[in-house]
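> Fold the following.
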Amino acid sequence: MENTVNNKQKRKLYTSEIVLYSIFGAIWLFGFVFAIFGVLAYNVGKLSLNPFYAMQKNFASFFNMSGVMDFRLWGTLVMAVAMIAFLIAIFAYSAKATNQAAAERRKAERLKILMDLDSEEQEANKKEETK
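Numbering: from 1, shown residues only. Next up is the predicted model:
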């Protein structure tokens, strides 16, 4: 029985790619925590005694808004924006890697053609020398 090993090459990870993934992941996590605070604001105890509900009111007054700024809505919005940015980064870097791999394949193919031409010329020169 033979061991079949998948020899698929892994693509290079760029430092900027890892940094962007970390930043967008942290933003998404911040939105998730924000959304959890919003759920807690409406589901934990009485609204008048709930510190999460008071935090929503204070947050709205900080931005000179009347009423309550719903953390569930803002957290979901931040999560969606972070996820869209994360996906854009994934697609951009995968396209960059695909283009780079295609360029390397084209270069290798050109080199192979040149090497074949060179070997054919050498064979032709050897035949002429023997005559």
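> how about Phe86, what does it touch?
The neighbourhood of Phe86, defined by CB atoms under 8 Å, 6 or more residues apart in numbering, consists of Tyr21, Phe24, Gly25, Trp28. Just so you know, the C-beta spots here come from the backbone N, C-alpha and C atoms, and that holds for glycine as well.
> With respect to Asn125, which of the residues you listed is nearest?
Tyr21 (55.5 Å; CB to CB).
> Figure out the helix or strand that the spatially most central residue of the chain lives in.
Closest to where the C-alpha atoms of the chain average out (CA atoms, centre = their mean) is Ile90, at 3.1 Å. Under the criterion of DSSP states H and E, Ile90 resides in helix 71-130.
> and if you look at Met69?
Assigned by DSSP H and E, Met69 belongs to no helix or strand.
> Convert stretch 80-91 to CSV, retaining C-alpha atoms only.
Provided in CSV are the C-alpha atoms of stretch 80-91 (Å, rounded to 0.1, in the frame of the first residue of the first chain):
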residue,chain,number,x,y,z
ALA,A,80,-21.4,43.3,9.3
VAL,A,81,-18.9,46.0,8.3
ALA,A,82,-16.0,44.2,9.8
MET,A,83,-17.0,40.9,8.1
ILE,A,84,-17.3,42.6,4.7
ALA,A,85,-13.9,44.2,5.1
PHE,A,86,-12.5,40.8,6.2
LEU,A,87,-13.9,39.2,3.1
ILE,A,88,-12.6,41.9,0.8
ALA,A,89,-9.1,41.3,2.3
ILE,A,90,-9.4,37.6,1.8
PHE,A,91,-10.4,38.0,-1.9
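> Report the buried residues of that stretch.
Counting neighbours by 16 or more other CB atoms under 10 Å, one finds that the buried residues in stretch 80-91 are Ala82, Phe86, Ala89.
> Same check on stretch 44-63?
Buried, per 16+ other CB under 10 Å, within stretch 44-63: Asn50, Phe52, Tyr53, Met55, Gln56, Lys57, Phe59.
> average pLDDT across it?
What stretch 44-63 shows for mean pLDDT is 83.
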